[in-house]
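>>> Dropping the sequence and predicted coords here.
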Amino acid sequence: MFQRRFARVKPAGLVSRQAKIITDAKKPAIPCTLIDYSPGGACVDLGGQVALPDRFDLLHVNTRKRCRIAWKRGSRIGVVF
């Protein structure tokens, strides 16, 4: 079984679950829902099939992180920071 390097945490309480994916400064941001996150990565739900490049920026609250896609399952993707 795969053991994670960092424990994932589900956003709870006053933490916003809404996030945005930024693929290009000239294109509109893609809204998504943050399912869980850790210091090393996150799981996001795109709400449908969206074509994404392998690398993009994830904006959550005031934090912008450069990401790489680790896995895809339906409308959910796992990213590594």
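The structure has been received and is ready for your questions. Residues are numbered from 1 along each chain as shown.

>>> Give the helix, strand or coil label for the residue nearest the centre of the chain.
Geometric centre of the chain, nearest residue: residue 44, 4.2 Å, by CA atoms, centre = their mean. Secondary structure state of residue 44, per DSSP: H, G, I helix; E, B strand; the rest coil, is strand.

>>> Bridge partners for it, pull those for me.
residue 34, residue 77 (DSSP bridges).

>>> again with residue 21
Per DSSP bridges, the residues bridged to residue 21 are residue 30, residue 58.

>>> Check which helices and strands the lengthiest strand in the chain is in contact with.
Scanning the chain for the strand with the most residues, using DSSP state E, yields strand 63-73. Judged by 3 or more CB pairs under 8 Å, 6 or more residues apart in numbering; DSSP states H and E, the packing partners of strand 63-73 are strand 41-45, strand 55-60, strand 76-80. From N, CA and C alone the C-beta is placed, and that goes for glycine too.

>>> out of the ones you listed, nearest to residue 18?
Residue 18 lies closest to strand 55-60 among the helices and strands packed on strand 63-73, at 8.0 Å (CB to CB).

>>> what's near enough to touch residue 20?
Residues in contact with residue 20, defined by CB atoms under 8 Å, 6 or more residues apart in numbering, are 29-32, 58-60.

>>> Mind putting the helices and strands packed on strand 63-73 into CSV with distance to residue 16?
Listed next are these as CSV, based on distance: least, CB to CB, whole Å:
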stretch, distance to residue 16
strand 41-45, 13
strand 55-60, 7
strand 76-80, 17
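
>>> and among those strands, the most buried is which?
Comparing those by mean neighbour count (mean count of other CB atoms under 10 Å), strand 41-45 ranks first with a mean of 21.

>>> Next one: the nearest residue to residue 42 once chain neighbours are set aside from residue 29, what distance?
Nearest-residue entry for residue 42: residue 79, 5.4 Å, with adjacent residues in sequence omitted and distances by CB to CB, 6 or more residues apart in numbering. As for residue 79, its distance to residue 29 is 15 Å (criterion: CB to CB, to the nearest Å).

>>> Thanks again, I'm all set now.
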